[in-house]
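Q: Attaching a predicted model along with its sequence, questions to come.
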Amino acid sequence: MKEDLKKTDWGEYYRKPFFLAKFTRSILRKRLFNAIRCHLPDRHAFDVAELGGGASCYMNMILHNFTVRKYHIFDNNADSLRVTAGLAGADYESAVRVHEVDLLNGSVPELECNIVFSGGLIEHFDEPGTAKIIREHFKAASRGGLVILLFPVPSFVYRMTRKLAEICGKWIFHDERPLDEQEVIRTAAKYGKLLHRETIHSILLSQTMLVFSKNC
C-alpha cells in the first residue's frame with residue numbers, strides 16, 4: 001500500500017456503515033451460509049474464527065443456524081469489539097470470544113477452528129500484507145477445516161459503482177484494493193485445497209468467495 005494513501009476510518013464506518021451495506025450484507029450472509037452448509041464435512045458443534053470481524057454482520061447468522069462452541073473474533077478496532085458480544089444476545093454471548101489484535105503486525109493463535117473466514121479484510125493491504133493476512137487464516141484453522149475468503153474484484157460493475165460513489169463523496173474505503181483472485185489463490189493454495197469459487201455481481205461492488213480446505 002502506498003504510504004500516502006488515505007486509510008479507511010473503521011471507527012467512522014462502524015458508526016455509520018457504507019450506504020450499500022444493508023443491501024450487500026444480506027446477500028453475502030446467504031452465500032456464506034450456503035458455503036458452510038455445503039462444504040463443512042461435520043456439522044456437529046464446531047469452532048469459528050472471524051478475522052477483521054468487529055461488529056460482525058455474519059456472527060448471528062452462524063450462531064443461529066449452526067451449533068457453535070466458540071466464536072472467536074479478531075479485530076484491531078476496540079470500539080467495534082466492545083459491542084460485538086452484545087450483538088449475539090444472551091443465549092449466545094457465552095460462545096463469543098473477542099481479541100484485539102493488529103493482524104498485519106501481530107498474529108492469531110493456533111486455535112484449530114473448523115471454520116476461519118473474513119469478509120472485507122484482505123483487500124485493505126498491499127500485496128505482501130494481503131499474503132500475510134491470508135496465512136493468518138490458515139494458522140487459525142484446524143486440519144481439514146474450512147477457510148473462506150470474501151473480497152472485492154475489479155469487475156466493470158465494481159469499478160463503475162465505486163467511481164459513482166467517489167464522485168458523490170460516499171466512498172469511505174480509501175485503502176481498498178480490489179483483488180485479482182489469482183493473487184489470493186497463489187498464497188492460499190500453499191496451505192489448502194480450493195473447494196469452491198464464485199463471484200457475486202448482484203451486490204454491485206462485485207465480490208469473489210473462495211472456499212479452501214486446510215491441508216492435513
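A: Received it, and whenever you're ready, just let me know what you need.
Q: a helix runs through L164, doesn't it?
A: Yes: when classified by DSSP: H, G, I helix; E, B strand; the rest coil, L164 is found to be part of a helix.
Q: Tell me the buried residues in the longest strand that the chain contains?
A: Taking residue count as the measure and DSSP state E as the definition, the longest strand of the chain comes out as strand 141-152. Neighbour counts using 16 or more other Cβ atoms under 10 Å place 141-142, 145-152 of strand 141-152 among the buried residues. Where C-beta positions appear, they are placed from N, C-alpha and C, glycine not excepted.
Q: just stretch 47-66 next, same as before
A: Here stretch 47-66 shows 47-59, 61-63, 66 as buried, counting by 16+ other Cβ under 10 Å.
Q: picking up where we left off before, for the buried residues of strand 141-152, name the two members farthest from one another.
A: The largest separation in these, counting by Cβ to Cβ, is between S142 and P152 at 27.9 Å.
Q: looking only at pLDDT, what's the mean for the helix or strand hosting Y71?
A: If you go by DSSP states H and E, Y71 is part of strand 68-75. In this model, strand 68-75 has a mean pLDDT of 95.
Q: For that strand, list every residue counted as buried.
A: 68, 71-75.
Q: name the helices or strands packed onto the following helix or strand past it?
A: As assigned by DSSP H and E, the chain's next helix or strand after strand 68-75 is helix 78-87. In this structure, helix 78-87 packs against helix 10-15, helix 59-65, strand 68-75, strand 96-100, with contacts taken as 3 or more Cβ pairs under 8 Å, 6 or more residues apart in numbering; DSSP states H and E.
Q: for the first one, what is the average pLDDT?
A: Helix 10-15 shows an average pLDDT of 62 in the prediction.
Q: and M209, how many neighbours does it have?
A: Using other Cβ atoms under 10 Å as the criterion, M209 is surrounded by 21 other residues.
Q: can I assume S118 sits in a strand?
A: Yes: checked against three-state DSSP, S118 lies within a strand.
Q: Which positions within the helix ranked longest in the chain qualify as buried?
A: With DSSP state H applied, the helix covering the greatest number of residues in the chain is identified as helix 21-39. Using 16+ other Cβ under 10 Å as the test for burial, helix 21-39 gives 24-25, 28-29, 31-32, 35-36.
Q: Parallel or antiparallel, which strands does the strand holding Y71 pair with?
A: Partners of strand 68-75 in the sheet, by DSSP bridges, are strand 46-51 (parallel), strand 96-100 (parallel).
Q: quick one on the thing from earlier: kindly export the longest helix of the chain (C-alpha atoms) in CSV.
A: Output in CSV follows, covering the C-alpha atoms of helix 21-39 (Å, rounded to 0.1, in the frame of the first residue of the first chain):
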residue,chain,number,x,y,z
ALA,A,21,-24.1,-2.1,3.4
LYS,A,22,-27.6,-3.2,4.3
PHE,A,23,-28.3,-4.5,0.8
THR,A,24,-24.9,-6.2,0.3
ARG,A,25,-24.8,-7.8,3.7
SER,A,26,-28.0,-9.8,3.3
ILE,A,27,-26.7,-11.3,0.0
LEU,A,28,-23.3,-12.1,1.4
ARG,A,29,-24.7,-13.7,4.5
LYS,A,30,-26.8,-16.1,2.4
ARG,A,31,-23.8,-17.0,0.2
LEU,A,32,-21.6,-17.7,3.3
PHE,A,33,-24.4,-19.8,4.9
ASN,A,34,-24.6,-21.9,1.7
ALA,A,35,-20.8,-22.4,1.6
ILE,A,36,-20.7,-23.6,5.2
ARG,A,37,-23.7,-25.9,4.8
CYS,A,38,-22.3,-27.4,1.6
HIS,A,39,-18.6,-27.8,2.5
